[in-house]
Structure formats: structure tokens, C-alpha cells
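Asker: Got a sequence here, can you build the structure:
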Amino acid sequence: MGYTRFKSAVVAKDGFYTGEKGSETVVVSSAGAVTAAGNVDALTYTGEVVACAGTNACTIDCSLGDIFTYTPTTHTAVTVTNAAAGMRKVFAVTAIATNCVLTFSTVGALVNGTLATGTSAGKVFMMTFAAPSTTLIETSRTTAL
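Answerer: Residues are numbered from 1 along each chain as shown. The predicted structure is shown next:
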């Protein structure tokens, strides 16, 4: 995802767009269809939220969205695919009443160790990533919120 600026216009793909207030905006779907057009009223960001499915494995496919959610029920292996330079991603993990440990594959992502959810149900951990190349690098992680 990203944008290309043409004079005062912003052309975007997959719902991501930004521009100066009053600039023209055209949003293009991944299939190439124009899904919105008009002027930017404020800096805007809309991203796809994707639920990561799986019991003991979770794949974050970067081509599917920007925000990934997951509620593990057991220890889980997390893998990252389709990362590209310039991407920024968020991974939100919601704990249940059982401690679950998430282990990240070193292929596609560099993270600061495992994530243990603890036993307090409903607690949320947020991890953010940036990709200077085809590898996501963890830039921050919250404690249980």
C-alpha cells in the first residue's frame, strides 16, 4: 500500500490515502477500480482490519490489511508473509484466561522476543511494525492494556 502524488492530487490503493486539506483524492481498489473521489477534508487513514485465524498458528499476510487481530487459545507460532518496503502494520493480541506464548518466525519479521499474554482475560497487547525492506521490524510493543 502507499500513495503517489500528482501535483495537488493523491492517488491511493486499497483504502490508504493522505493529502493536504483541499487536495484532490482518488482511491483505487486492489483490482484497479476507483472506489472514491473528492477532496481531502483532513488527513485521513483507513486500513483493513484482518482477524488472524488458527489455533496454534497465525499467519500475518501483509497483503491483506494493516491491522491484524488475534485471540490465542494456546501457544502459537506466528509467521509473516508478503511484507514490502514502506509498510507499517499493527498486531493486536487479546488475552484469554490462559497464558499463551506467541513465538514469531524469524522469516519475514524481526521481533523483540516472544509475547506471553498472561492469565488476565481481555487484556490487549499492541505491537507495531515497519518494513524498510521485505522484513517487518518490531518498532514498539505495549504491556497489557
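
Asker: So, low pLDDT: which residues of the protein?
Answerer: The model of the chain has pLDDT under 70 over residues 1-47.

Asker: beta partners of Ala77?
Answerer: Counting by DSSP bridges, Ala77 forms beta bridges with Ala57, Thr103.

Asker: gap between the closest residue in space to Cys100 that isn't next to it in sequence and Thr135?
Answerer: Closest residue in space to Cys100, ignoring its immediate chain neighbours: Pro72 at 4.0 Å, by C-beta to C-beta, 6 or more residues apart in numbering. All C-beta spots, glycine's among them, are computed from the backbone N, C-alpha and C. Distance of Pro72 to Thr135, given as C-beta to C-beta, to the nearest Å: 23 Å.

Asker: More neighbours: which of these two?
Answerer: Pro72 (23 against 15; other C-beta atoms under 10 Å).

Asker: any chance you could read off phi and psi for the more buried one?
Answerer: The phi/psi pair for Pro72 (degrees, to the nearest 10) reads phi -70, psi 150.

Asker: One more: Arg88?
Answerer: phi -130, psi 130.

Asker: So it is in contact with Pro132, correct?
Answerer: No: at 10.8 Å, Arg88 does not count as touching Pro132 under the criterion of C-beta atoms under 8 Å.

Asker: Just say helix, strand or coil for the closest residue to Ser105 other than its chain neighbours.
Answerer: Ranked by C-beta to C-beta, 6+ apart and with sequence neighbours excluded, the top spatial neighbour of Ser105 is Thr79, at 4.3 Å. Secondary structure state of Thr79, per DSSP: H, G, I helix; E, B strand; the rest coil, is strand.

Asker: domain ranges for the protein?
Answerer: 3-39, 49-141 (automatic domain parsing).

Asker: so of these, which one's packed in deepest?
Answerer: Stretch with highest mean neighbour count among these: domain 49-141 (a mean of 16; mean count of other C-beta atoms under 10 Å).
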